[in-house]
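Asker: Got a predicted model here, sequence first, then my questions.
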Amino acid sequence: MSAAIGTESTPRAAPAACALCAGEGGALVWRGAQLRVIRADEAGFPAFYRVVWNAHLAEFTDLVPAQRSHCMQAVALVEEALRAHLAPTKVNLAALGNQVPHLHWHVIARFAWDSHFPGPVWAQPLRARAPEHEAALLARRAALEQDMAARLAQCLDGA
């Protein structure tokens, strides 16, 4: 990919209320020239990440093909790290943007014990939260995020 990858699409002016333009949008795991990966603060979902395009764009097709590939490579790298460290039952990928119309992908490790599984994280809970499982996952999160950042830097820095 070209080093000038970010100059190929035309970002729109960011609305004053865009939370992903005003701040990181969560705990920063890794930042590159084109995108960043953050951990979302979602109660009951300690392995909920977002791949956020840095420039304010609303739709995936606002990116040119090389940028789309770059973005999806980041999504895949986040998923790979989640699978390697946490062995989730499933990894959910979603790009909605209905609440925050700024291009971002949700990458969420899901487990049979989570309160909403197998339903979506945005649905009503199906059972009580499992604090002992959440705590065990939290204990592994630092190593997960170090590896995630290393994978992203190795594959995407300079791209």
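Answerer: Received the coordinates, thanks.
Asker: Can you say which helix or strand has the residue positioned nearest the centre of the chain in it?
Answerer: What sits nearest the mean C-alpha location of the chain, by CA atoms, centre = their mean, is R50, with 1.8 Å. Per DSSP states H and E, R50 falls inside strand 48-53.
Asker: Please apply the same query to L82.
Answerer: Using DSSP H and E, L82 falls within helix 65-86.
Asker: just A109 next, same as before
Answerer: strand 104-110.
Asker: Give me the packing partners of the helix or strand following that strand, helices and strands only.
Answerer: On the C-terminal side of strand 104-110, the closest following helix or strand by DSSP H and E is helix 131-156. Judged by 3 or more CB pairs under 8 Å, 6 or more residues apart in numbering; DSSP states H and E, helix 131-156 is in contact with strand 27-31, strand 35-39, helix 65-86. C-beta: built from backbone N, CA, C; applies to glycine.
Asker: Tell me the buried residues in the last one?
Answerer: If I follow you right, that is helix 65-86. By neighbour count on 16 or more other CB atoms under 10 Å, the buried set for helix 65-86 is 67, 70-71, 73-75, 77-79, 81-82, 85-86.
Asker: before we move on, the earlier item: can you check which of the helices and strands packed on helix 131-156 gets nearest to A149?
Answerer: With CB to CB, the closest approach to A149 among the helices and strands packed on helix 131-156 belongs to strand 27-31: 4.2 Å.
Asker: any idea how far V121 is from the nearest residue to A94 once chain neighbours are set aside?
Answerer: Once flanking residues are discounted, A94 sits nearest to H106: 4.4 Å by CB to CB, 6 or more residues apart in numbering. From H106 across to V121, the span is 8 Å (CB to CB, to the nearest Å).
Asker: Alright, that wraps it up for me.
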